[in-house]
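1. Fold the following for me, if possible:
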Amino acid sequence: MKKTRRYLTYVWIALGVVFLLGAWAILAAILKSQKNTVLLYPDEAFVRVFDFLFLEGAKKTWEAIGWTMIRLLIGFTLSFVLGSLLGSLAGLHGWFKNFMKPTLGVMKTIPTAAVVILIVATVYGPKNAHLITYVPCLLIFIVAFPLIFEAFRAALENENPSVLASLDLDGGRRSWMALTKVLWPDALAYAELSIAQSLGLSMKVCIMSEVLSATSASKPSVGGLIVNAQTPAGRVEDILPLALIALLLMLIIDIPFFIARSRKTK
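-> So this is what the prediction gives:
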């Protein structure tokens with residue numbers, strides 16, 4: 001019975017993919033009938049993705065991917081370290097949770113595009129121009145930190161009461177041993193979905209901020225390639241294949257979390 005359900009799940013997923021590709025092909029055909037060639041057919045787009053990765057300009061593409069991944073790693077690592085530490089502190093101390101509410105509220109509601117423009121305008125200049133390369137790291141932190149913070153706070157606040165009672169009898173729930181041996185391992189299991197969501201969202205924000213902050217002073221990036229495709233020297237039809245490369249990166253990043261979730265389900 002379980003095998004049948006799993007088989008049906010894969011069938012419906014496959015049908016969903018076929019539906020998306022069919023809708024994409026129909027939309028591309030409609031646009032091409034109107035002499036609009038911006039949207040490539042699915043097969044054309046995938047061939048162009050292969051060209052970007054392994055043939056024409058592959059070195060430039062991989063360099064751009066490398067810098068995008070470096071920014072993602074820096075921004076998300078900072079978000080995870082501070083989010084887990086401060087979120088745990090908020091889960092253990094109600095006063096700190098209240099203290100952080102204004103900061104989290106601002107980070108959750110502030111328009112990220114406006115932040116990118118403001119930061120670029122602030123650091124743009126001969127002395128600080130190199131900092132533009134790392135603007136996406138700050139945007140990633142603004143987006144990912146609140147999610148990770150709230151995940152760890154909620155995990156500690158919702159810890160099993162019997163576990164907390166045992167910890168109180170054995171050195172206290174706020175001891176370093178309790179955090180590292182019990183509370184944080186439980187919190188990671190509790191926060192796994194939030195971490196996966198924040199990582200995927202971080203990639204989207206990273207590329208968006210790369211598009212907005214792309215200048216001659218910034219290092220290569222996937223977002224920068226998208227910007228270059230819009231210039232007279234580029235090809236606007238390349239925007240979709242570059243977006244597919246970004247999607248592929250997000251899928252690769254999500255694979256470990258998908259495997260972990262599958263194991264837990266089993």
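
2. When you work out contacts or count neighbours from here on, use the C-alpha atoms and nothing else.
-> Will do.

3. List the buried residues for the helix or strand containing Ala113?
-> In this assignment (DSSP states H and E), Ala113 forms part of helix 112-123. For helix 112-123, a neighbour-count test (16 or more other C-alpha atoms under 10 Å) marks 112, 115-116, 120 as buried.

4. The protein: strands as residue ranges?
-> Using DSSP state E, the chain contains no strands.

5. Flag the shaky bits of it, pLDDT-wise.
-> Low-confidence segments of the chain, defined by pLDDT under 70: 1-3, 124-129, 160-182, 215-217, 232-234, 256-266.

6. how does it divide up, domain by domain?
-> Annotated domains of the chain cover 1-39, 40-265 [automatic domain parsing].

7. Can you tell me which of those is packed in deepest?
-> Per residue and on average, the most neighbours among these fall to domain 40-265, with a mean of 18 (mean count of other C-alpha atoms under 10 Å).

8. Give me the distance from that one to the chain's centre.
-> Domain 40-265 sits 4 Å away from the centroid of its parent chain (C-alpha atoms, centre = their mean, to the nearest Å).

9. how about the helices of this structure, start to end?
-> Here the chain has its helices, by DSSP state H, at 2-33, 42-54, 58-92, 94-109, 112-123, 135-157, 161-169, 176-178, 184-213, 222-229, 239-265.

10. Output the contacting helices and strands for the third one.
-> Identification of packing neighbours for helix 58-92 by 3 or more C-alpha pairs under 8 Å, 6 or more residues apart in numbering; DSSP states H and E yields helix 42-54, helix 94-109, helix 135-157, helix 184-213, helix 222-229.

11. Could I get those helices in a markdown table, plus columns for distance to Gln34?
-> Shown next, in a markdown table, are those (distance: least, C-alpha to C-alpha, whole Å):
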| stretch | distance to Gln34 |
| --- | --- |
| helix 42-54 | 18 |
| helix 94-109 | 40 |
| helix 135-157 | 37 |
| helix 184-213 | 28 |
| helix 222-229 | 22 |
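
12. what about these, which gets the closest to Val81?
-> The closest of those to Val81 is helix 135-157. By C-alpha to C-alpha, the value is 9.0 Å.
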